[in-house]
Structures are given as structure tokens and as C-alpha cells.
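Colleague: I would like the atomic coordinates for the input below:
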Amino acid sequence: MKNLIWSIGLAVVLVFTSVTAQASQCRQDNPEWFECETAQDCVLSSNACGYPDAVNSDFEEEASECHALEGAKISCAQIFLDPKDFRPECIGGECQDIEILAE
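Modeller: The predicted structure is shown next:
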């Protein structure tokens, strides 16, 4: 039962994080900030709510500034996602934050 509850909670966090990242106006307005060819092109940053978000390292500063401005205008759920639990990956030409699952 404990594993089921943990799994459901994790699924909710993952879905919420994905929706938040995809709904980002910064991501929609500046898709080149998130483009990549390899995982080495990507670094972890924070999205508008402070959750981990992967961006192209060439645009890390611009993305951080945009997300800070965007974050001042929206309300975010108060959940803690430790950036150490994520790694940047290049998936389908787009930088994405991937959760590192404990084994």
C-alpha cells in the first residue's frame, strides 16, 4: 500500500512538472533556448515556478531571466523538487529535465 501511495504521488509530481514546463510562455516564445543535438548541449535551470527545467547552455542566462519574470506573474504549487534528483537530456532535439529514479 505504501508503494502504491508513493507511486501515485510520484506520478502526480511528474505530470505536474511536465505540464508546467510545457505551458511555459518562455519555452513557447523562444524554442531555440531549448533546442539541442546532444545531452551536452543542455544544463539544468529552473522554470517559472522554480522547478527543474533543462535549457540549452548557450541560452541559460536568457531563460533564467525570462522564467524569473514569468514566475512573478503566476501562482505555483508549493512542492519541493530537488534539482539533484534530475539531469538534463536531449530528447527529440529538445532539452528536457529527466528525474533520476532511485534504484
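Colleague: In the chain, what residue spans correspond to helices?
Modeller: 2-22, 25-29, 60-71 (DSSP state H).
Colleague: Mind checking the pLDDT average for the second one?
Modeller: Which is helix 25-29. Model confidence over helix 25-29, given as mean pLDDT, is 88.
Colleague: buried stuff in it?
Modeller: Within helix 25-29, the residues that qualify as buried are Cys26, Arg27, counting by 16 or more other Cβ atoms under 10 Å. The C-beta positions use only the backbone N, C-alpha and C, and glycine is treated the same way.
Colleague: Extract the C-alpha trace of that helix and format it as CSV.
Modeller: Provided in CSV are the C-alpha atoms of helix 25-29 (Å, rounded to 0.1, in the frame of the first residue of the first chain):
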residue,chain,number,x,y,z
GLN,A,25,5.5,31.1,-22.2
CYS,A,26,9.3,31.4,-22.2
ARG,A,27,9.5,28.0,-23.8
GLN,A,28,6.8,28.8,-26.3
ASP,A,29,8.2,32.2,-27.3
